[in-house]
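A.B. asks: Fold the following and give me the result.
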Amino acid sequence: MNCGIKRKDGSTQQKESMSVANPTKRDIIQAGFQALSDTLRLQIIELLQSQELCVCELCEKLDVKQSKLSFHLKILRDAELLCARQEGRWVYYQLNLAKFVILEQYLAEYRRFSPILPSRNCCDAS
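C.D. replies: Coordinates of the predicted model:
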C-alpha cells in the first residue's frame, strides 16, 4: 500500500517516513510501538478502525485543536501506521493495515514460542 498523500487527480506526494531510508523490520516494530504509546494516538487509531476520516472529523470526535492533532498524526504517519489522501483542501486518513500486520506478527511470535510457565521467586534456592 502506498502511503504518500494521494491527490484527487491520482498523483501521490511522498512523505519522508522513519529516519532510515530502508527500515529494517526492527525499525518498523520500534517506530510502531513508540507511536502507539500515547493515549490520544490510540484514540485516533480506534476511530480509524472502522472508517476513513478527515482531520476536521477527527478534531471534532476527539475534541482537540487541529495543531495538537496534526502533531500526533505526524507521529503516526512517520511510523507508517496511517495513510493519507488529499481531496481538495481536505486530507483523509486511514489505517495502513500492512504495518499493523507486522506488529501483530511480532507479538504472535512470543505467544507461539514462549510457553507460559508458573512464576517463581528469582532468589529461590533450587
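A.B. asks: what about this structure, any weak spots by pLDDT?
C.D. replies: 1-21, 113-119, 124-126 (pLDDT under 70).
A.B. asks: Let's check: the centremost residue of it is which one?
C.D. replies: residue 81 (2.8 Å; CA atoms, centre = their mean).
A.B. asks: Distance of it relative to residue 62?
C.D. replies: 16 Å (CB to CB, to the nearest Å). Heads up, the C-betas are built off the backbone N, CA and C, glycines and all.
A.B. asks: got the contact list for the residue nearest to the centre of the chain?
C.D. replies: 32, 35, 36, 45, 95, 96, 99, 100 (CB atoms under 8 Å, 6 or more residues apart in numbering).
A.B. asks: now do 10 Å
C.D. replies: 3, 28, 31-32, 35-36, 41, 44-45, 48, 75, 93, 95-100, 103 (CB atoms under 10 Å, 6 or more residues apart in numbering).
A.B. asks: how long is stretch 90-106 from one end to the other?
C.D. replies: 34 Å (CA to CA, to the nearest Å).
A.B. asks: what's the answer for stretch 54-71, then?
C.D. replies: 15 Å.
A.B. asks: so how far is it from its chain's centroid?
C.D. replies: How far stretch 54-71 lies from its chain's middle: 16 Å, per CA atoms, centre = their mean, to the nearest Å.
A.B. asks: who's in contact with it?
C.D. replies: 40-41, 43-44, 47-48, 51, 53, 72-73, 77, 84-87, 89-93.
A.B. asks: can you tell me which of these are in helices?
C.D. replies: 40, 41, 43, 44, 47, 48, 72, 73, 77 (DSSP state H).
A.B. asks: Please check those and keep the buried ones.
C.D. replies: 41, 44, 48, 72, 73, 77 (16 or more other CB atoms under 10 Å).
A.B. asks: got the residues you listed as TSV, with distance to residue 23 columns?
C.D. replies: Below are those laid out as TSV (distance: CB to CB, whole Å):
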residue	distance to residue 23
41	19
44	22
48	22
72	21
73	19
77	14
